[in-house]
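Colleague: Show me the folded form of this:
(2 chains)
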Protein chains: 2
Amino acid sequence: MRLAAVARAVRDGELDPAELLDGALARATDQGSLNAVVHLDRSAAVRADGPLAGIPVLVKEIIEVEGLPFRCGSEVFADRVGAADAEVVARVRAAGGVVFGLTHSHEFAYGCTGSANRAGPCRNPHDPSRITGGSSSGSAAAVAAGIAGLALGTDTAGSVRVPASLCGVVGAKPSRGLLPVDGVFPLSRSLDHVGVFTGSVADARYAVEVLGRISLPALDSRPRLGVVDVEASPEVAAAFDDSLRALEAAGARLTQVGFDWDELNRTAVELQGPEAAAVHAELLSEEYQPDVRDRLRAAAEVPGWRYVLARERVQPLTAAVERVLSEVDAVVLPTVPMRATPIGDESVREPLLRHNRLANLTGFPALSVPMPIAGLPAGMQVLALDDARAFGAAEWVEAALVP
Amino acid sequence: MRLAAVARAVRDGELDPAELLDGALARATDQGSLNAVVHLDRSAAVRADGPLAGIPVLVKEIIEVEGLPFRCGSEVFADRVGAADAEVVARVRAAGGVVFGLTHSHEFAYGCTGSANRAGPCRNPHDPSRITGGSSSGSAAAVAAGIAGLALGTDTAGSVRVPASLCGVVGAKPSRGLLPVDGVFPLSRSLDHVGVFTGSVADARYAVEVLGRISLPALDSRPRLGVVDVEASPEVAAAFDDSLRALEAAGARLTQVGFDWDELNRTAVELQGPEAAAVHAELLSEEYQPDVRDRLRAAAEVPGWRYVLARERVQPLTAAVERVLSEVDAVVLPTVPMRATPIGDESVREPLLRHNRLANLTGFPALSVPMPIAGLPAGMQVLALDDARAFGAAEWVEAALVP
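Modeller: The predicted structure is shown next:
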């Protein structure tokens, strides 16, 4: 049942929001080894009005929630409590949504595997020995496990789209600023975005329209899609090829496009490192997860002049991406070039992020939509010039891929 | 004779612009050991119309002039020629001004003494064994020596105001962006400004109105002046005290104010270093002047996270300065805490800049106006919230100080 329909049923008195909350709390309590939900608010107040009336919502633990732990996955913040609702949380509540728990984040969102956290790694519902991806690990896993139909995440280099791909759910990072970052513990202020996890693109669109206070017009024709050839594992490459054939069969016009991945990634990395190191300059200690601590120390070594040059490249790189996106309705590519890998293998970091930083650097919207594939899931990333095109194309793609 | 009057006389046919140019060329040729003018354009075309009709103008050698050397004071650019006029040069010409030569700059404007240049140090017209200050060394010295009545300079940390103070002329750094930096070889893009040197505040105001394409209303009452207590040499401190008494006698209302110099300077330095190092990242070589090379290498070591934190401090620091400036018409203080020092003493760098970076960091306008003092000159800096207040207060101060 779609979010819009659930909320309508709650408003109409056909669904009891207290029962919805009890169900969500029970499923979260039964999460077993997943480690997706790291805190439950059993006293959350339910609502029966608003566009998210009664919808149980999970929030990534780096997004501040008044009165709930604000640990950011870190032992350093073990006793920290949220002083006020982040703006996006306030919008969830204003819309009638029920924030009932917090989800696992790679410590301070500075990692893409979901393995480094004071509470241990988050586990993939499709195979608990494998990573969820991150840093919005718990939100992706919780939606994949059916604990909630809507969870908030953040995405600075792919942290919504990567775990969405590895967990087999929809992850949407709207255009920069559409969902406010106020009250989110910063990772890299130039690149930080808030995003959502849902079971369908329709739900993601609905949540983003409500929380972004915007209305997105539908796509009015079969889309023209730019296809990016990227290196991927044989299974992901085959799933992507099959998906392209399905899109073509459904009427999409495909054209090859390309981006300067090396330059885009180098620039995003040289922005993110110094900005993250600045946030943690006075906090960093031996209590951090070793993986996060070591990478923050390395990030602190990036010289200022490299950061300055990276900032100067943002505008021309964004203009170049804009030119590509302007020629199509959306661009599609594998979100990540592999499926979930075993927990503990940290070598996957660069491939996981390689095709994701572009949308943070440029601010263009991007979603990950599950592709048909046997076994562990894999996602197709849909990138576009604006939110209407991104969500419209993603919705069309999803419909074409689900037989 | 004021610039406005000269231009009017040229337009009215009472002065021959060719004779004005010949006089300026002759004076520049006779500069002796000053090293103020580093290139002359003997074929400059004269004009007899426009608000700067026939006025001979000198341009700091880091400001690009079509067809003239664009050496920036560096052996590295020994053979470089300007491809197009910088915007401010184009505005000089559009107003009828005659660009007849280039003035000495501390190499790449990265220094405040005026001593490091492929052509050797610039010398103070009041004592050729002493520095002019810099980096707009030659423009200050040329106006002080009477070679030209108007010269362009640039100011990133005090590079107009410092040499104006040490050479005994008026140096004006208008508010950020009023005079365009397009076509100026960058030093630090966040802090760079273009400014002017003249013999009087009235001339500075006239030149800035013409080149900034703006009209600045006059001050309509005796100003309320904020006075900053700064450490200075006994002679400069005494001259400043005497000047304050003269201002009070003329009717100014004085009040004590203060700024957080340590924080302002630290922030400006942490912005300037990485930005300068970024500009020179691919150019820097053993051919640079040792002083500039060594400081650029040190600047390249500033870590990115410090630059990021410095950027975050700009807005609150600017707001704090704005609060102080809002309570008065202008703030006055010694431009630099000493008079011109012997060439070769590089220890003066920090005191020369200490009270100047504030106006680059915040973008507020500032002028240096000569104070009455026996022997070597010294300037009073006039800082204000906007150009009308800055030029109005400086004009009032100048009138009160010149008996």
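Colleague: Contacts only, for the residue in the stretch 101-250 of chain A that chain B sits nearest to.
Modeller: Closest contact between the stretch 101-250 of chain A and chain B, by C-beta to the nearest C-beta, is at A:R189 (8.2 Å). Any C-beta I mention is one placed from the backbone N, CA and C, and that applies to glycine too. Each residue near A:R189 by C-beta atoms under 8 Å, 6 or more residues apart in numbering or on different chains is listed here: A:181, A:275.
Colleague: Just the CA trace of the helix or strand where A:E275 lies, in PDB.
Modeller: If you go by DSSP states H and E, A:E275 is part of helix A:261-280. Provided in PDB are the C-alpha atoms of helix A:261-280 (Å, rounded to 0.1, in the frame of the first residue of the first chain):
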ATOM      1  CA  TRP A 261      34.400  10.600 -13.800                       C
ATOM      2  CA  ASP A 262      38.100  11.100 -12.800                       C
ATOM      3  CA  GLU A 263      37.800  14.900 -12.700                       C
ATOM      4  CA  LEU A 264      34.400  14.800 -11.000                       C
ATOM      5  CA  ASN A 265      35.500  12.400  -8.300                       C
ATOM      6  CA  ARG A 266      38.900  14.100  -7.700                       C
ATOM      7  CA  THR A 267      37.100  17.400  -7.300                       C
ATOM      8  CA  ALA A 268      34.400  16.000  -4.900                       C
ATOM      9  CA  VAL A 269      37.100  14.300  -2.800                       C
ATOM     10  CA  GLU A 270      39.200  17.400  -2.600                       C
ATOM     11  CA  LEU A 271      36.100  19.300  -1.300                       C
ATOM     12  CA  GLN A 272      34.900  16.700   1.000                       C
ATOM     13  CA  GLY A 273      38.100  15.900   2.700                       C
ATOM     14  CA  PRO A 274      38.900  19.400   4.000                       C
ATOM     15  CA  GLU A 275      35.300  20.200   4.800                       C
ATOM     16  CA  ALA A 276      35.000  17.000   6.800                       C
ATOM     17  CA  ALA A 277      38.300  17.500   8.500                       C
ATOM     18  CA  ALA A 278      37.200  21.000   9.500                       C
ATOM     19  CA  VAL A 279      34.000  19.700  11.100                       C
ATOM     20  CA  HIS A 280      36.000  17.200  13.100                       C
END
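Colleague: Check whether that helix comes near chain B.
Modeller: Yes: Helix A:261-280 is in contact with chain B by C-beta under 8 Å from any C-beta of the partner chain, via A:270, A:273-275, A:277-278.
Colleague: Among those residues, which one sits closest to B:A94?
Modeller: Closest approach between the residues of helix A:261-280 next to chain B and B:A94, by C-beta to C-beta: A:E270, at 40.4 Å.
Colleague: so the residue nearest to the closest one when sequence neighbours are not counted is in which element?
Modeller: Among residues not flanking A:E270 along the chain, A:A310 sits closest, at 3.8 Å (C-beta to C-beta, 6 or more residues apart in numbering or on different chains). In the assignment (DSSP H and E), A:A310 maps to helix A:304-326.
Colleague: Run through who's touching the following helix or strand past that helix.
Modeller: The C-terminal neighbour of helix A:304-326 among helices and strands, as given by DSSP H and E, is strand A:330-334. With contacts defined as C-beta under 8 Å, 6+ apart, strand A:330-334 is touched by A:165, A:223, A:225-228, A:230, A:232, A:236-237, A:239-240, A:244, A:247, A:257, A:324-325, A:355, A:371, A:378-384, A:389-390, A:393-394, A:397.
Colleague: Okay, and which of those residues map to helices?
Modeller: With helices taken from DSSP state H, the overlap with those comprises A:165, A:236-237, A:239-240, A:244, A:247, A:324-325, A:389-390, A:393-394, A:397.
Colleague: Could you pull up the residues touching A:A238?
Modeller: A:A238 neighbours (C-beta under 8 Å, 6+ apart): none.
Colleague: Now do it against A:A44, distance only.
Modeller: Per C-beta to C-beta, to the nearest Å, A:A238 is found 43 Å from A:A44.
Colleague: what does A:P223 give?
Modeller: 39 Å.
Colleague: for A:V257, same thing?
Modeller: Distance from A:V257 to A:A44, counting by C-beta to C-beta: 45 Å.
Colleague: Kindly report the same for A:V348.
Modeller: Computed as C-beta to C-beta, the A:V348 to A:A44 distance reads 36 Å.
Colleague: Tell me the pLDDT of the residue most central in space within chain A.
Modeller: Geometric centre of chain A, nearest residue: A:V160, 1.4 Å, by C-alpha atoms, centre = their mean. On pLDDT, A:V160 comes in at 98.
Colleague: Run through the strands of chain A in chain order.
Modeller: A:37-40, A:56-60, A:98-103, A:150-154, A:170-173, A:194-198, A:224-228, A:253-257, A:330-334, A:366-370, A:379-383 (DSSP state E).
Colleague: mean confidence score for stretch A:39-47?
Modeller: Rounded mean pLDDT across stretch A:39-47 is 95.
Colleague: do the same with stretch A:2-16
Modeller: For stretch A:2-16, the per-residue pLDDT averages 98.
Colleague: same check, this time on stretch A:327-336
Modeller: 98.
Colleague: quick one: terminal-to-terminal distance for that stretch?
Modeller: Distance across stretch A:327-336, first residue to last, is 24 Å (C-alpha to C-alpha, to the nearest Å).
Colleague: next one: that stretch to chain centre, how far?
Modeller: 17 Å (C-alpha atoms, centre = their mean, to the nearest Å).
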